[in-house]
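Participant: the sequence and its predicted three-dimensional model are supplied below.
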Amino acid sequence: MQPESAGVISLSSLGQATGFYHLVLAAPQIAKESSPGQFVMIRCADEQTLDPLLLRPLNIFRFHPAEGRIEIIFRVVGRGTAWLARRKPGDSLSLLGPLGNGFSSLEKYRRLLLFAGGTGMPALFSLVEEERKVGSPLGSPTGAPRGGHNREFTLFYGARTKDELVFLDLWQAAGVTVYTATDDGSAGFHGTVTKAAAGFLPGNYDFYCACGPRPMLRTVQEMMAGYGIPGELCLEEAMACGVGACLGCVCETVHGYRRVCTDGPVFPAGEVKFS
Amino acid sequence: MTTTPSLETKVGRVTLKNPVLVASGTFGFACEYEKLFPISALGGVMVTGLTLEPRAGNPPPRLAETPAGLLNSIGLQNPGVHRFIKEELPRLRDLGTEIIVNISGFTPEEYGRLAEILDKEPGLAALEVNISCPNVKEGGMTFGVLPESAAAVTRLVRQNTSLPLWVKLSPNVTDIVAIAQAVVDAGADALSLINTLSGMAIDPDKRRPVLGNIFGGLSGPAVKPVALRMIWQVYQEVPVPLVGMGGITNYRDALEFIMAGTTAVAVGTGLFLDPLSPLKIIEGLQDFLAKHEEETITNLIGAAHNSEKEMRGEKRE
């Protein structure tokens, strides 16, 4: 974890209506140190200006240590992300990262279920991609599922509408079985990911990972607890310091308040309390 | 100039290698930032506010960003003084910088007890007494808003320790000078100012306050002018060293505080914009002194008041 000045390699809109953007950055040190589920803080304001004040925490979508690059998917939700969406290739950004406690090792599990909602998708993709790198004896960069642990992933990916389901091709290329769900029924199942997944459960899944908005995580947590399948939840929260000092981003857990930035953002599913 | 200008400064009995501290509540127990830079480069660390018993803190959300500012309602989440002494203090002692421990209580007796406990611990440079805590005995009004209650807390702490006392003043008062005078009369060696300004934010879509605690404390560049004004007033009336904080993000901000009358400054919310900002401020101050051929930073303490006297003098003549 350190501050790093990162160059913008590319920034592209993933559909005007969605507000989603795909950002590729040259950040060699962060790329080298990252692990799945970790995030970076990005300063989203012009140099010498003090507004917006805080850095924005954003999930790492992909990291490429050999190329010294990281990729991020973000949605424009306020002044900071709107500023970020106006960057151009060649611009320089101030980053802090990689931060947080990512997903734990999947070593013990063979059939995994993933639940992604909106901007929660990138954290899960980093998990699968890293797993495929490790899992394949050839270290296939495309993540084709060959050899290695031969772990099976099934993804339930939810969004408000069809256009917000992004990078489905990458998921498929990584050998993941993908089911989609949309609030408006424009693609896949008409409804939530939990309802979409209900028909497939309990199956013989032995672990799950979920990242997305709180209401989604809450219903996923409830449903999976009902089936007795353990898992991990990756939380998204506004942060100030990002390093565990200010105690501003805490969530309620069975152990009391825990910092999303350093105790998380990934927590054992049974520990998080949604009130 | 041949010699390097000196950044050393003295807050009463406490000698600081440079005037740049980090403010309580923004730096945890320093271990978080240890990975980012050598803590020994700092003039000192003001440790997160401690209470007698552990405190869970306020329900989230605890943060709301405002224009050039930040509202927080952490609610003094801390492990309590005993666990602090056992688990954090040994490591803090070895950081190679001055350790100032911030204390809070809900009764004057709790402050006294905290002072008594910490008095026995070696390696502390000073106690920073946070009098912005709600007084549970007197219906939740904070100790720091009335000269009498502020003095009562200070007196009890003074009676229980020989450590230097820096009393941290709340800006949420009508007459900051009266409070400052009262706590100095009660035994404060120095004053820290300012704590956060009470405020709130509302989410129009949800039609409810953003913070779980409804009210929070405003910090960051938005509060800097208020801090400077209060420091200016206190410097003119109350003859003790001042430690300034409130929206400092760069060396020029630090100079404003020093020239308004502070002997040292603390970076708080500024750490969140740039965790390395305290180091950049130290460097900036060094360069400023060299450029202006000042031998020591202490020459600049209260420097802006001279101009005021000059302005007044000119008017009279």
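Facilitator: Looks like it came in fine. Note that the structure is predicted; figures quoted are calculated from it, not measured.
Participant: where does the prediction get shaky in the stretch 51-200 of chain A?
Facilitator: A:134-149 (pLDDT under 70).
Participant: show me the contacts for residue B:89.
Facilitator: Listed by C-beta atoms under 8 Å, 6 or more residues apart in numbering or on different chains, the contact set of residue B:89 reads B:99, B:121, B:123. (Glycine included, C-beta is placed from N, CA and C.)
Participant: what about it, distance to residue A:123?
Facilitator: Distance, residue B:89 to residue A:123, by C-beta to C-beta, to the nearest Å: 37 Å.
Participant: returning to what we had before: buried ones only from the contacts of residue B:89, please, as a PyMOL command.
Facilitator: Here is the PyMOL selection string for the buried members of the contacts of residue B:89, based on 16 or more other C-beta atoms under 10 Å in any protein chain shown:
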select buried, chain B and resi 99+121
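Participant: closest to chain A out of the contacts of residue B:89?
Facilitator: Comparing the contacts of residue B:89 against chain A with C-beta to the nearest C-beta places residue B:99 closest, at 15.6 Å.
Participant: grab the nearest non-local neighbour of the closest one.
Facilitator: residue B:92 (5.1 Å; C-beta to C-beta, 6 or more residues apart in numbering or on different chains).
Participant: next, residue B:76: secondary structure please.
Facilitator: coil (DSSP: H, G, I helix; E, B strand; the rest coil).
Participant: ok, now which ones touch it?
Facilitator: Contacts of residue B:76 (C-beta under 8 Å, 6+ apart): B:49, B:51, B:55, B:57, B:104, B:133.
Participant: the fifth one and residue B:170, how far apart?
Facilitator: What that stands for is residue B:104. Distance from residue B:104 to residue B:170, by C-beta to C-beta: 12 Å.
Participant: can you list residues touching both of those two?
Facilitator: Joint contacts of residue B:104 and residue B:170 (C-beta under 8 Å, 6+ apart) are residue B:132.
Participant: A strand includes residue A:266, no?
Facilitator: Yes: Residue A:266 forms part of a strand when assessed by three-state DSSP.
Participant: from residue B:153, how far off is residue B:269?
Facilitator: Taken as C-beta to C-beta, the span from residue B:269 to residue B:153 is 26 Å.
Participant: neighbour-wise, which of these two wins?
Facilitator: In terms of neighbours (other C-beta atoms under 10 Å in any protein chain shown), residue B:269 is the more surrounded of residue B:269 and residue B:153; the figures are 32 against 29.
Participant: that one contacts residue B:70, doesn't it?
Facilitator: Yes: between residue B:269 and residue B:70 a contact is recorded at 5.4 Å, counting by C-beta atoms under 8 Å.
Participant: now for those two: what residues contact both?
Facilitator: If you check residue B:269 and residue B:70 against C-beta under 8 Å, 6+ apart, the residues they both contact are A:53, A:240, B:219, B:220.
Participant: of the residues you listed, which is the most crowded?
Facilitator: Highest count within the shared contacts of residue B:269 and residue B:70 by other C-beta under 10 Å belongs to residue B:219, 31 neighbours.
Participant: is the closest residue to residue B:196 other than its chain neighbours bridged to anything, and to what?
Facilitator: Distances taken as C-beta to C-beta, 6+ apart put residue B:217 closest to residue B:196, at 2.7 Å, once the chain neighbours are dropped. Counting by DSSP bridges, residue B:217 is bridged to residue B:72, residue B:198.
Participant: just the helices in chain A please.
Facilitator: A:28-33, A:79-84, A:121-135, A:168-173, A:193-198, A:214-227 (DSSP state H).
Participant: for residue B:186, which of the ones you listed is the nearest?
Facilitator: Closest of those to residue B:186 is helix A:79-84, at 44.6 Å (criterion: C-beta to C-beta).
Participant: report all helices and strands that the closest one contacts.
Facilitator: Applying 3 or more C-beta pairs under 8 Å, 6 or more residues apart in numbering or on different chains; DSSP states H and E, one finds that helix A:79-84 contacts strand A:56-59, strand A:69-75.
Participant: now residue B:223: how far from chain A?
Facilitator: 12 Å (C-beta to the nearest C-beta, to the nearest Å).
Participant: quick one on the thing from earlier: may I see the helices of chain A organised as JSON lines, with mean neighbour count added?
Facilitator: What follows is the helices of chain A, written out as JSON lines (neighbours: other C-beta atoms under 10 Å in any protein chain shown):
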{"stretch": "helix A:28-33", "mean neighbour count": "19"}
{"stretch": "helix A:79-84", "mean neighbour count": "18"}
{"stretch": "helix A:121-135", "mean neighbour count": "24"}
{"stretch": "helix A:168-173", "mean neighbour count": "16"}
{"stretch": "helix A:193-198", "mean neighbour count": "21"}
{"stretch": "helix A:214-227", "mean neighbour count": "18"}
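Participant: quick one: closest of those helices to residue B:245.
Facilitator: Nearest of the helices of chain A (C-beta to C-beta): helix A:79-84, 24.8 Å.
Participant: need the contact list for the nearest residue in space to residue A:44 that is not next to it in sequence.
Facilitator: Nearest non-adjacent residue to residue A:44, counting by C-beta to C-beta, 6+ apart: residue A:80, 3.5 Å away. Residue A:80 makes contacts with A:44, A:45, A:52, A:54, A:56, as judged by C-beta under 8 Å, 6+ apart.
Participant: can you list the residues of the stretch 1-150 of chain B near chain A?
Facilitator: Residues of the stretch 1-150 of chain B found near chain A, taking C-beta under 8 Å from any C-beta of the partner chain as the criterion, are B:25-28, B:32-33, B:35-36, B:56-57, B:59-63, B:65, B:67-70, B:72, B:74, B:77.
Participant: and residue A:208, what's its pLDDT?
Facilitator: Note on residue A:208: pLDDT of 97.
Participant: and it, how many neighbours?
Facilitator: Neighbours around residue A:208, by other C-beta under 10 Å: 26.
Participant: next: residue A:275.
Facilitator: 7.
Participant: okay, and the beta partners of the nearest residue to it once chain neighbours are set aside?
Facilitator: In this structure, residue A:275 finds its nearest non-sequential neighbour in residue A:252, 5.9 Å apart by C-beta to C-beta, 6+ apart. Here residue A:252 sits in beta bridges with residue A:257, going by DSSP bridges.
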